[in-house]
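Undergrad: Pasting the sequence and the predicted coordinates here, then a few questions.
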Amino acid sequence: MGLGSSIATVGSEFLVALFDWRPMLFAALAQGVAYAFSYEFRNLNVNQVTVAAKFSDLGIPLGLFLTTGDWSWHSYWFSVATTLVCIPILWVGNAARAGSILVVGMVLCVALVAQASLSPLLTGTLDDYDSGKFLAFTTAVIVWRALWSLAPAFHLARSRDFWHTRLLASPAFILRCILTIATQVSFVAVMTSPASAVAWPILNSTGLLAMLISASVLKDQQPANERIIVALIFVLSVFRFSSQ
């Protein structure tokens with residue numbers, strides 16, 4: 001009886017969360033960032049996309065300060081330092097495209113700053129959640145993200161581009177869905193943490209791993225100076241978090 005009551009409670013909390021505007025908007029922001037990344041990868045290489053994401057670290061602390069009143073000079077200078085050392089990657093070998101690269105990168109920066117700034121207003125903190133409410137909110141976000149992401153597929157199904165919709169049944173797409181669910185759960189947990197301002201520089205640095213493996217997996221060229229920059233960011237990260 002206890003288990004049945006718990007399931008019923010979680011189910012009712014999920015229905016409330018599903019039709020709440022906050023999970024709906026949270027999912028829309030997350031999906032907007034996903035579309036921004038997709039746009040970036042069509043126009044820039046992996047390294048340049050990573051740096052474009054890092055540039056958002058300059059605006060995210062300011063956005064969080066406006067929405068939450070939270071501020072840390074140590075975290076902000078860490079964000080500035082790790083961003084500045086990345087700047088050469090943007091146009092190494094692409095000096096003629098420097099202007100267009102910055103314009104394209106700005107799309108991702110705006111999307112990430114908007115998501116980071118508004119997320120605390122939509123999620124609250126972990127103190128506001130028990131396990132049932134957290135599960136209900138996260139599940140509602142995943143459902144709404146699925147709906148937002150399927151909208152383009154429904155549009156394509158009405159056109160002659162049927163091969164796009166067949167991708168939805170591919171093993172690679174299913175695997176990405178599973179990974180996205182796991183990522184979304186951890187992301188909501190981070191966003192509901194009081195330390196979300198500290199978490200963003202870490203989240204935006206995860207692409208550095210992609211910079212290291214892109215040469216072998218995606219056949220991207222990786223000059224020696226880019227490896228030096230990655231090493232510098234690693235050293236800065238160790239220094240920042242060992243000094244807390």
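TA: Received it, and whenever you're ready, just let me know what you need. Values in this document were obtained by computation on a predicted structure and should not be read as measured data. Numbers count the residues shown, from 1 in each chain.
Undergrad: So Y35 versus A151, what's the distance?
TA: Distance of Y35 to A151, given as CB to CB, to the nearest Å: 11 Å. In this view, the C-beta of every residue, glycine as well, is placed from N, C-alpha and C.
Undergrad: Pick out whichever of the two has more residues nearby.
TA: Set Y35 next to A151 and count neighbours by other CB atoms under 10 Å: Y35 wins out with 15 against 10.
Undergrad: Contacts only, for that one.
TA: Applying CB atoms under 8 Å, 6 or more residues apart in numbering, we find Y35 in contact with A111.
Undergrad: any idea how far it is from L15?
TA: Plainly put, Y35 is 28 Å away from L15 if you go by CB to CB.
Undergrad: do I174 as well
TA: 27 Å.
Undergrad: Then S100?
TA: In terms of CB to CB, S100 sits 47 Å off from L15.
Undergrad: number of nearby residues for A27?
TA: A27 has 22 nearby residues by other CB under 10 Å.
Undergrad: Which residue is the nearest non-sequential neighbour of it?
TA: Computed as CB to CB, 6 or more residues apart in numbering, the closest residue to A27 that is not its neighbour in sequence is W144, at 3.5 Å.
Undergrad: And the one you found, which helix or strand is it part of?
TA: W144 is part of helix 131-157, with elements assigned from DSSP states H and E.
Undergrad: Against which helices or strands is that helix packed?
TA: helix 2-18, helix 21-43, helix 162-166, helix 171-191 (3 or more CB pairs under 8 Å, 6 or more residues apart in numbering; DSSP states H and E).
Undergrad: pLDDT of that helix, averaged?
TA: Here helix 131-157 scores 79 as its mean pLDDT.
Undergrad: now the strand or helix carrying G105: mean pLDDT?
TA: Using DSSP H and E, G105 sits in helix 98-123. Summarised as a single mean, pLDDT over helix 98-123 is 84.
Undergrad: show me where pLDDT drops low in this protein?
TA: Residues of the chain that meet the criterion pLDDT under 70 lie in 1-10, 89-99, 125-130, 153-169, 192-227, 230, 237, 240-244.
Undergrad: how many neighbours does L29 have?
TA: Residues lying near L29 (other CB under 10 Å) number 21.
Undergrad: Tell me how many other residues surround L121.
TA: Neighbours around L121, by other CB under 10 Å: 12.
Undergrad: tell me the contacts of it?
TA: So L121 contacts T67 (CB under 8 Å, 6+ apart).
Undergrad: and it, how far is that from L66?
TA: Distance from L121 to L66, by CB to CB: 10 Å.
Undergrad: Same check on G124?
TA: 17 Å.
Undergrad: count of residues packed around L236?
TA: For L236, the neighbour count with other CB under 10 Å is 17.
Undergrad: Helix or strand: which one has it?
TA: Following DSSP H and E, one finds L236 within helix 224-242.
Undergrad: Could you give the number of residues near P88?
TA: Count around P88 with other CB under 10 Å applied: 14.
Undergrad: Name the residues of stretch 53-62 that are buried.
TA: For stretch 53-62, the buried set under the neighbour-count rule, 16 or more other CB atoms under 10 Å, comprises A53, K54, F55, S56, D57, G59, I60, P61.
Undergrad: Now for the fourth one: which residues touch it?
TA: I take that to be S56. So S56 contacts L108, C109, L112, V113, A116, N204 (CB under 8 Å, 6+ apart).
Undergrad: could I get these as JSON lines with neighbour count and distance to I229?
TA: Formatted as JSON lines, the contacts of S56 follow (neighbours: other CB atoms under 10 Å; distance: CB to CB, whole Å):
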{"residue": "L108", "neighbour count": "22", "distance to I229": "19"}
{"residue": "C109", "neighbour count": "20", "distance to I229": "19"}
{"residue": "L112", "neighbour count": "27", "distance to I229": "20"}
{"residue": "V113", "neighbour count": "21", "distance to I229": "23"}
{"residue": "A116", "neighbour count": "26", "distance to I229": "23"}
{"residue": "N204", "neighbour count": "23", "distance to I229": "15"}
